[in-house]
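Asks: Quick one: sequence plus predicted model below, questions after.
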Amino acid sequence: MDKPSFFALLLPYAKRLQAEGSPIFPSVRLAQSWHETGGTIPAWNNLGGYKAGSGTPNQYWNGQVVEKKSWEVIGGQRVTVTATFRAYDSIYLFYKDQDLLFQRSRYTPVRLAATPNEQAQMLLQCGYATDPAYALKLIAIMEASNLYQYDAVIEGDEPMTAEEKAAFEALQEQVASLMAANELLTDALSDQTDALKELQLWALDVDGQNRMDKIPAWAQAAVDAAVRAKLIDTPTDGSYDFYRILTVLHRKKLI
C-alpha cells in the first residue's frame, strides 16, 4: 500500500483516539505505523511492533500472539531475532492497547512531549525501540508526508455516537481486510511467477545438458533429409530428443 492510501486508512483511527484522550500525536502514530509495517497491514493488526512480553490479557488484547522474525540493535550491532508479538482482532484494539502501554510511568516523557518531534525523541529515549535512528526516521516520515497537519484539534467537533463508532469501525476493518487479502493475492502471484521462472531456467539447463557435440550416426540420414527439405538450417548442436524426433519422422517417410 502506498503512503497516501495507508495514511488515509489509518487517519480516522488516529483522530478518534485523539478525541478519546490519547497522548500520542496523530502524526507520530501514523509515522510509527508506517515505519513498523512498511505500508502492509498484517493480519494480526499489530502496527507498532508491540511485543507480548510478560503482559497479561486486558480489555483490548485477549492474549493472542504471533512469532515472526525482526531485528534489534544489540551492542551497537543489528541482529535478526525471532520475537513474540501481540495479535489483535482489530486495528483500533491495537492502538487502545498501545495507549495503555504509554500510560506506564516509564513513558511519562512521551505523554508530556509538547511537539510531535519531541515525542518521537522520547519514544526512543524511553526504550520503545533499540534502533538509535528511530526518532530521526519517524521525524523524516512526518516531514516528508506533512503529517503534522493532522495534529490540530478541531473545535466544535461532536463525538461519534455508539452506533456511528460501530459502523465506522466495521467499515475500517472491512477496508483493512480487503487490503490484507489483496496483499496475500499479490504475494501468491509473485510466488507463482518466481516458480515459473525457475521452471524455465530448469528447462533451459536440461536442454543444454542434453545437447550433443556431434550428430549421432543413427540420425545422420534423417538430419540430411531434413536439411534437403529445408526443415532445419542448423543440423548440429541438437539434443538427443531433437535427433530422435527427426529419425522417427524420417523412418515414417514424413521427411
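Replies: Cool, the structure landed.
Asks: Quick one: the strands in this protein, in order.
Replies: Using DSSP state E, the strands found in the chain span residues 65-74, 77-86.
Asks: Okay, K197 and K51: tell me how far apart.
Replies: 37 Å (CB to CB, to the nearest Å). The way it works is simple: take the backbone N, C-alpha and C, and place the C-beta from them, glycine included.
Asks: ok, back up a step: switch the strands of the chain over to TSV; also include mean pLDDT, distance to G38 and mean neighbour count.
Replies: Output for the strands of the chain, formatted as TSV (pLDDT from 0 to 100; distance: least, CB to CB, whole Å; neighbours: other CB atoms under 10 Å):
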stretch	mean pLDDT	distance to G38	mean neighbour count
strand 65-74	83	13	12
strand 77-86	87	15	13
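Asks: Which stretch among the ones you listed approaches E20 most closely?
Replies: strand 77-86 (20.1 Å; CB to CB).
Asks: Now do the closest one: distance to the chain's middle.
Replies: In terms of CA atoms, centre = their mean, to the nearest Å, the centre of strand 77-86 is found 16 Å from the chain centre.
Asks: Packing partners of it?
Replies: For strand 77-86, the packing partners by 3 or more CB pairs under 8 Å, 6 or more residues apart in numbering; DSSP states H and E come out as strand 65-74.
Asks: can you give me the angle the strand it packs on makes with strand 77-86?
Replies: 160 degrees (axes from the mean of the first three to the mean of the last three CA atoms, to 10 degrees).
Asks: for strand 65-74, packing partners?
Replies: strand 77-86.
Asks: CA atoms only: put the strand it packs on into CSV for me.
Replies: Extracted C-alpha coordinates of strand 77-86, given in CSV (Å, rounded to 0.1, in the frame of the first residue of the first chain):
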residue,chain,number,x,y,z
GLN,A,77,25.1,-4.3,16.1
ARG,A,78,22.0,-5.1,14.1
VAL,A,79,20.9,-8.7,14.7
THR,A,80,18.0,-10.7,13.5
VAL,A,81,15.8,-12.3,16.2
THR,A,82,12.6,-14.2,16.4
ALA,A,83,10.2,-12.4,18.7
THR,A,84,6.7,-12.9,20.0
PHE,A,85,4.3,-10.1,19.2
ARG,A,86,0.8,-9.3,20.4
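Asks: quick one: contacts for H35?
Replies: By CB atoms under 8 Å, 6 or more residues apart in numbering, H35 lies in contact with 134, 137-138, 141.
Asks: how much space is there between it and S27?
Replies: 12 Å.
Asks: can you check N210 too?
Replies: Counting by CB to CB, the separation of N210 from S27 is 62 Å.
Asks: Compare the two and say which is more crowded by neighbours.
Replies: S27 (27 against 12; other CB atoms under 10 Å).
Asks: what sits against the nearest residue to the more buried one once chain neighbours are set aside?
Replies: Once flanking residues are discounted, S27 sits nearest to L147: 3.7 Å by CB to CB, 6 or more residues apart in numbering. Counting by CB under 8 Å, 6+ apart, L147 makes contact with 7, 26-27, 30-31, 116, 141.
Asks: Hmm, P109 is touching Q125, no?
Replies: Yes: taking contacts as CB atoms under 8 Å, P109 lies within contact range of Q125: 6.3 Å.
Asks: quick revisit: out of the contacts of L147, which are inside helices?
Replies: Among the contacts of L147, the residues falling in helices (DSSP state H) are 7, 26-27, 30-31, 116, 141.
Asks: starting at the chain centroid, how far to stretch 98-117?
Replies: 28 Å.
Asks: That one: end-to-end distance?
Replies: The first and last residues of stretch 98-117 sit 19 Å apart, counting by CA to CA, to the nearest Å.
Asks: Any stretches of the stretch 151-255 of the chain with poor pLDDT?
Replies: 154-169, 171-173, 175-183, 186-187, 190, 196, 199-209 (pLDDT under 70).
Asks: And the helices in it?
Replies: Assigned by DSSP state H, counting those that start in this stretch, the helices in the stretch 151-255 of the chain fall at 162-210, 220-228, 240-251.
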